[in-house]
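Q: only geometry, no sequence info:
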């Protein structure tokens, strides 16, 4: 084997260098991609087929149609809510009016009941007091008619007059007041004419004397006052007739 053949074998089958003799490259010494390589890669990527993401006319119609449907549904819901709100407002106004009417009716009922209660209590009190008026009359007759003649009779007279005073004070505290009709015009609402006396001292239909005392409970007549009423004398009546008939 000659030298030319050996060199050819070495070229075709190169002997690998030993592991220890292989130089290691540091990060600083590692080869960096050049601008040409980057431009080549970008060119390869730019040459890749582009994907058309834009929707066609059919897609736009679908989107517009769906938007219109959503708007229509929202408008329909809004109109429905507005109608419900209007109905609830009407119901609220109706309830308010009904409440005001019921409150006014209840207030009138309360006032009427209170007034009726007070009137009923006054009527019952008046009936009770009316039953006691004859007792008061008897005390007054005894005071005017009985004339004590001794110390014992005077003591008895003072004792029952004390009872009479307590009774009168109690009646006054209840609102009872005696009528004082003397010298006042006759009023059938409060007076009952028992006698008529012709006189020129008083105007006609004037109360001359109270025969039986009348009493009032506030504005209620417990008993009419029995009175004597003045009338014009007969001579005045005759002269009046002569004047009218010449």
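A: Cool, got the structure. Here the structure is a predicted model, which is why all the values come from computation and not from measurement.
Q: alpha carbons only for contacts and neighbour counts from here, please
A: Fine.
Q: quick check: residue 121 is in a helix.
A: Yes: under DSSP: H, G, I helix; E, B strand; the rest coil, residue 121 falls within a helix.
Q: so what's it scoring on pLDDT?
A: Per-residue pLDDT puts residue 121 at 88.
Q: could you do residue 148 as well?
A: 76.
Q: with residue 46 instead?
A: 43.
Q: pLDDT weak spots in this structure?
A: 1-65, 235-246 (pLDDT under 70).
Q: which stretches of it form strands?
A: Read by DSSP state E, the chain holds these strands, from start to end of the chain: 176-178, 191-198, 207-212, 215-217, 220-223, 225-231.
Q: buried residues, the third one. List them.
A: This points to strand 207-212. Neighbour-count burial for strand 207-212 flags 207, 208, 209, 210 (criterion: 16 or more other C-alpha atoms under 10 Å).
Q: now, which of those residues sits nearest residue 216?
A: The shortest gap between residue 216 and any of the buried residues of strand 207-212 belongs to residue 210, at 14.9 Å (C-alpha to C-alpha).
Q: for the nearest residue to the closest one once chain neighbours are set aside, give its distance to residue 209.
A: The shortest distance from residue 210 to any non-neighbouring residue, by C-alpha to C-alpha, 6 or more residues apart in numbering, is to residue 227 (4.4 Å). From residue 227 over to residue 209 the distance is 6 Å, taken as C-alpha to C-alpha, to the nearest Å.
Q: please apply the same query to residue 190.
A: In this view, residue 190 and residue 209 are 14 Å apart by C-alpha to C-alpha.
Q: same check, this time on residue 139
A: From residue 139 to residue 209 the distance is 20 Å (C-alpha to C-alpha).
Q: next one: residue 99
A: Counting by C-alpha to C-alpha, the gap from residue 99 to residue 209 is 60 Å.
Q: about what we covered before: tell me the contacts of the residue nearest to residue 210?
A: 191, 192, 193, 194, 195, 207, 208, 209, 210, 211, 212 (C-alpha atoms under 8 Å, 6 or more residues apart in numbering).
Q: isn't the last one right next to residue 195, touching?
A: Translated: residue 212. No: Residue 212 is beyond contact range of residue 195, at 11.9 Å (criterion: C-alpha atoms under 8 Å).
Q: angles on the backbone of residue 200, please.
A: phi -100, psi 0 (degrees, to the nearest 10).
Q: next up, the contacts around it.
A: 232, 233.
Q: how many neighbours does residue 97 have?
A: Here the number of neighbours of residue 97 (other C-alpha atoms under 10 Å) works out to 12.
Q: what's the answer for residue 230, then?
A: 25.
Q: looks like it contacts residue 210 (just checking).
A: No: if you go by C-alpha under 8 Å, residue 230 and residue 210 don't touch, sitting 12.0 Å apart.
Q: out of the strands of the chain, nearest to residue 154?
A: Using C-alpha to C-alpha, the nearest of those to residue 154 is strand 207-212, at 26.0 Å.
Q: so which other helices or strands are in contact with that closest one?
A: strand 225-231 (3 or more C-alpha pairs under 8 Å, 6 or more residues apart in numbering; DSSP states H and E).
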